[in-house]
Each structure stands twice: as C-alpha cells, then as structure tokens.
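[1] fold the following.
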Amino acid sequence: MSMARAHTAGSHSDPDVESAVTVELGRVVSRRGLFRRALALTGAAVVTPVAFGGLLPLVGCSEATEPSMHAVLDLNTEPGVLNFLYAVLQLEADFYARLGYGWTKFPGILQTEATTLNNYWSQTQSDRDTVRTSLALGQRITDTVLFHLGQIVDYADRTDTLTNAQTIEDAAANGFVGAAASAALHTDTVRTMVQNIAASAVERANGIRAMRGLDSLVVTPTSPADIMATLAPYFYTTFTINGR
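    Model (predicted):
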C-alpha cells in the first residue's frame with residue numbers, strides 16, 4: 001500500500017479554491033459550492049444562507065458530490081481501476097476548463113490551438129461522465145477531487161501550459177492503456193469502455209506533442225499506481241493506493 005500525497009499540511013490558502021469562479025464537474029459552481037470547497041480545505045465550520053433566512057451548517061457531508069481531502073483506490077478491483085480513471089479524468093477536465101472558458105488562455109494562442117484545447121475539454125468531460133455513470137454511488141470516489149493546478153501551472157505562459165498538459169496527457173495515456181490490461185477488469189463492456197477512453201487519451205497526448213513540435217508518444221503501458229505517483233503534485237486530494 002502506498003500513499004500519493006500532493007499537499008503539505010499547514011497552508012490553507014489555495015488559489016484554486018479562493019478564486020471568484022471555480023470549475024466543478026464542467027460547470028461554474030455556486031457560491032455555496034465555493035463554501036464547500038473552502039470547508040474541505042480548511043476544516044472550518046462554514047455556514048451559508050438558505051431559502052427561509054436560516055443558516056445551514058455544511059458539516060458531516062457524505063455525498064459523493066462533496067469535495068474530499070482523501071480517497072482510496074483499490075486497484076485490485078474493477079471499481080478501483082475505474083476510480084483511477086475517474087480521478088485522472090477529473091484532473092484533465094479541470095485543466096482544460098481553465099483554458100476552455102478563456103479565463104487564462106496564454107497570449108498569442110492560435111485559433112486552431114484554442115479549438116483543439118476546447119475539444120479536449122469537451123472530450124475529457126464526456127469521458128469523465130461516462131466513467132462516473134458506470135460506478136454506483138457507493139463505489140465511486142468523490143465527484144469533486146481537489147487540485148493544485150492554479151499553483152503549478154502558469155496559464156499565461158504557452159510553454160508552461162503545454163509542458164504541463166503534456167505531462168498530464170502522457171501519464172493519462174500510459175496509465176489508461178495500462179488500466180485497460182488490468183486483470184481486475186472482469187467485465188467485457190467495462191474493458192471496452194476503458195480501451196476507448198485510453199485511445200482518446202493517446203490522441204490528446206499526441207495532439208499536445210504536435211503543438212510543441214515533438215514526436216508522437218511511444219505508449220508504455222504503466223500501472224495506475226505509478227501514474228498516480230507521477231501526477232501526485234497536481235492533486236490536493238490525497239490517495240491511498242492498494243495494489244498496482
């Protein structure tokens with residue numbers, strides 16, 4: 001068992017949470033949603049107004065839609081492998097959403113690049129939601145994984161944006177191909193779904209590489225556990241990994 005940890009305790013200030021507009025599940029979250037994210041990161045008691053003028057404490061939340069500081073991925077099981085895809089696809093969708101909405105597009109972005117990145121945003125949202133619907137509520141990790149993207153990626157800089165996009169997409173492609181071969185996938189329809197999602201990730205990886213003038217990815221099937229270690233710096237939510 002290993003721990004993929006992406007945050008050092010002690011700092012509760014995170015631009016990903018404190019920004020005025022935040023992306024959650026492909027939409028702009030409400031002020032109440034921002035309070036929930038703040039609660040998850042600070043551990044403080046947060047209250048928000050409700051319709052009848054009262055105050056609703058946001059404590060003890062257990063729905064899958066609530067932000068989570070920690071999750072477990074049991075890669076020895078089919079739901080665990082799917083949750084690996086779900087976590088990484090949430091990361092990808094959030095990464096592209098910050099470009100797709102046009103908040104932080106780097107200066108000089110070409111229209112073809114903007115179109116491609118927006119298509120990747122739509123694609124990762126679709127794949128994320130496909131995995132989400134394949135998991136029962138009691139099986140899946142939180143629908144609101146938290147990230148460090150605002151701290152790591154300089155979205156105003158082309159090189160930094162595309163370098164991080166390549167890191168994420170290369171890892172996703174290799175990890176999804178590795179997941180598709182996992183013995184834990186015992187349902188043919190699920191394996192086919194994972195293979196299709198892996199193929200899309202490889203296409204995105206090659207598209208990002210083309211933007212950077214690089215050769216196509218030489219796909220190396222990699223264990224989900226290793227991919228989570230590679231991508232750990234991007235996650236604020238921490239993961240306990242069982243199996244490979």
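
[2] run through the residues that contact Glu169.
    Glu92, Ala201, Arg204, Ala205, Ile208 (C-beta atoms under 8 Å, 6 or more residues apart in numbering). C-beta coordinates here come from the backbone N, C-alpha and C atoms, glycine included.

[3] in this structure, which spans are strands?
    2-4, 23-24, 27-28, 47-49, 55-57, 67-68, 70-74, 144-145, 238-242 (DSSP state E).

[4] tell me the contacts of the spatially most central residue of the chain?
    Central residue check for the chain by C-alpha atoms, centre = their mean: the C-alpha nearest the mean position is that of Leu91, 1.7 Å away. Neighbour list for Leu91: Val145, Phe147, Leu149, Ile168, Leu231, Tyr234, Phe235 [criterion: C-beta under 8 Å, 6+ apart].

[5] so where is the chain shaky, pLDDT-wise?
    Applying pLDDT under 70 to the chain picks out residues 1-66, 100-104.

[6] what is the neighbour count of Ala171?
    23 (other C-beta atoms under 10 Å).

[7] actually Thr189, sorry about that
    For Thr189, using other C-beta under 10 Å, the count is 9.

[8] ditto for the one 10 residues further on
    Neighbours of Ala199 under the rule other C-beta under 10 Å: 13.

[9] before we move on, back to that, for the contacts of Glu169, which one is nearest Asp154?
    Ile208 (16.1 Å; C-beta to C-beta).

[10] residue contacts, that closest one?
    Here Ile208 is in contact with Leu162, Ala165, Gln166, Glu169 (C-beta under 8 Å, 6+ apart).

[11] so which of those belong to helices?
    Leu162, Ala165, Gln166, Glu169 (DSSP state H).

[12] switch those over to CSV; also include distance to Ser126.
    Listed next are those as CSV, based on distance: C-beta to C-beta, whole Å:
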residue, distance to Ser126
Leu162, 22
Ala165, 18
Gln166, 21
Glu169, 16
